[in-house]
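In: Quick check, what structure comes out for this input:
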Amino acid sequence: MQNVIQAVPADQLQSSPRVGAQVLNIEHVSRGFHKNQSELLVLDDVNLTLHEGEIVGMLGRSGSGKSTLLRIIAGLIRPTSGQATYLGKPLDAPAEGVAMVFQTFALFPWLTVLQNVEAGLEALGVGVEERRTRALAAIDLIGLDGFENAYPRELSGGMRQRVGFARALVVDPTILLMDEPFSALDVLTAETLRTDLLDLWNQDRMPIKSVLIVTHNIEEAVFMCDRILVLSSNPGRVVAETVVPFAHPRNRLDPDLRALVDEIYAKMTARPTGTAAKRELEPGSWLPNVSTNLMAGLIETLAAAPYNGRADMPEIARTLQLEVDELFPIAEMLQYLGFAELSAGDMLLTPPAHRFAEGSTQERKIMFADHLLQSVPLAARIRKVLNERPGHRAPRVRFEQELEDMLSDSAAQETLDAVIDWGRYAEIFSYNDKTETFSLADVET
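Out: Reported below is the predicted structural model:
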């Protein structure tokens with residue numbers, strides 16, 4: 001089944017009875033931020049259309065610019081280049097008819113449910129009587145009857161997120177933007193809310209025309225969306241677009257649906273392997289702060305039965321209850337370090353990984369140190385500087401400033417923190433957090 005394509009002709013989209021006129025067009029959009037005499041590119045040449053009657057999902061790892069793209073669509077920031085239009089007009093300011101649901105609920109704790117839902121209408125200047133009527137209707141629609149006078153502290157996470165949805169729906173938006181709206185909820189609550197929203201959508205009971213959802217959950221995207229965009233990272237580019245051909249309601253256990261989930265995993269893990277993958281890492285490469293415990297735990301899991309060194313990543317994700325942004329960084333770091341290879345959605349342990357799984361604690365440390373110094377240039381550079389200095393000491397700021405020339409401040413800090421954790425585990429250097437100093441001594445005095 002070949003569902004992943006690079007472009008979807010407009011006439012193909014129009015063939016669906018639910019899909020109608022175009023409401024949003026993102027054309028060759030790029031967005032950069034100034035950084036030390038240069039520009040840090042977050043989005044690069046992104047193209048996206050959104051039509052009436054469709055739910056479109058965006059999948060991508062950290063650094064793919066998904067949140068930045070949502071802010072552009074919401075009219076909160078402007079693209080550096082390219083054109084963003086909503087209903088045929090440029091998106092250069094917050095647009096009427098575009099509403100957003102956030103991951104973190106973002107409710108006013110001192111307001112009741114009713115007052116929280118009314119807040120957006122009040123900001124728009126809607127009269128007291130009308131906003132009360134519309135807010136009560138939205139609360140009723142989203143299933144919060146009886147909680148109008150409750151405060152956020154009295155509500156569960158799922159109910160608080162329902163308030164967020166009611167607040168977005170009450171303004172009768174044309175487009176609903178959702179930024180990982182279910183990720184802060186437990187599995188059962190997320191599933192209930194997801195299903196309830198789909199029921200309302202499929203019954204045409206919501207005022208919205210189109211939905212754009214950012215998610216890290218591939219199964220969620222396939223379960224909910226009509227189309228799925230896959231974004232690359234650093235900078236974000238649309239690297240694949242998938243049409244989801246299944247009618248609602250969808251069965252998660254449908255073999256064809258499972259095959260599509262596997263196919264998207266394969267697209268998102270389509271990276272060079274072996275030495276080619278290692279060459280991608282440079283002294284200024286961003287690195288996720290993945291703990292050595294997680295890396296060791298995944299190696300042990302895959303080395304044991306029933307996987308015996310090879311596993312399907314969707315199956316691993318389901319078994320370990322991990323989402324894309326949790327599983328992929330672990331898997332990719334193991335690939336960079338030479339402990340795994342990723343291919344077509346599968347993860348294969350290398351011979352060194354099998355030896356690592358069987359080794360003692362000290363043997364594992366020695367192996368990890370060797371792979372770290374060979375595969376992560378920043379770790380090797382820190383070690384080299386310490387070896388060359390008479391006192392075998394160096395301040396953190398030296399390396400952090402070098403990284404900040406190539407990365408954002410937060411990315412530079414995360415990268416250096418990651419290498420510090422790995423270097424400590426591998427015992428290739430010591431780090432004193434109080435003095436923010438690297439050294440070769442086991443203990444700073």
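In: distance of the residue lying farthest from the centre of the chain from residue 62?
Out: Summary for the chain: using C-alpha atoms, centre = their mean, the residue whose C-alpha lies farthest from the chain's mean C-alpha position is residue 390, with a distance of 43.8 Å. Distance check for residue 390 against residue 62: by C-beta to C-beta, to the nearest Å, it reads 39 Å. Using the backbone N, CA and C atoms, a C-beta is placed for each residue, glycine as well.
In: ok so, going back, part of a helix, is the residue farthest from the centre of the chain?
Out: No: under DSSP: H, G, I helix; E, B strand; the rest coil, residue 390 falls outside any helix and is assigned coil.
In: Relative to residue 143, how far out is it?
Out: According to C-beta to C-beta, residue 390 stands 69 Å off from residue 143.
In: Could you do residue 65 as well?
Out: Using C-beta to C-beta, residue 65 is found at 34 Å from residue 143.
In: what about these two, which has more around it?
Out: Taking residue 65 and residue 143 together and counting by other C-beta atoms under 10 Å, residue 65 has the greater number of neighbours (27 against 16).
In: and the closest residue to that one other than its chain neighbours, bridged to which residues?
Out: Spatially, and ignoring its direct neighbours in sequence, residue 65 is nearest to residue 236 (3.1 Å; C-beta to C-beta, 6 or more residues apart in numbering). Residue 236 forms beta bridges with residue 43, as assigned by DSSP bridges.
In: Could you report the pLDDT at residue 236?
Out: pLDDT for residue 236: 85.
In: what about it, neighbour count?
Out: Residue neighbour count, defined by other C-beta under 10 Å, stands at 27 for residue 236.
In: roughly how far apart are it and residue 221?
Out: Using C-beta to C-beta, one gets 16 Å for the distance from residue 236 to residue 221.
In: any idea how far the residue nearest to residue 65 lies from residue 318?
Out: From residue 236 over to residue 318 the distance is 27 Å, taken as C-beta to C-beta.
In: Equivalent analysis for residue 437, please.
Out: Noted for residue 437: a distance of 44 Å to residue 318, by C-beta to C-beta.
In: which one of those two has more residues nearby?
Out: For residue 437 and residue 318, the more surrounded residue by other C-beta under 10 Å is residue 437, and the numbers stand at 15 against 12.
In: For that one, give me its contacts.
Out: Applying C-beta atoms under 8 Å, 6 or more residues apart in numbering, we find residue 437 in contact with 393, 394, 395, 396, 431, 444.
In: is it true that residue 309 touches residue 354?
Out: Yes: at 6.4 Å, residue 309 and residue 354 qualify as touching, with contact defined as C-beta atoms under 8 Å.
In: Overlap in contacts, those two.
Out: Contact criterion C-beta under 8 Å, 6+ apart; residues shared by residue 309 and residue 354: residue 303.
In: Read off the pLDDT value for residue 190.
Out: Per-residue pLDDT puts residue 190 at 84.
In: Which helix or strand contains it?
Out: Element membership for residue 190 (DSSP states H and E) is helix 187-202.
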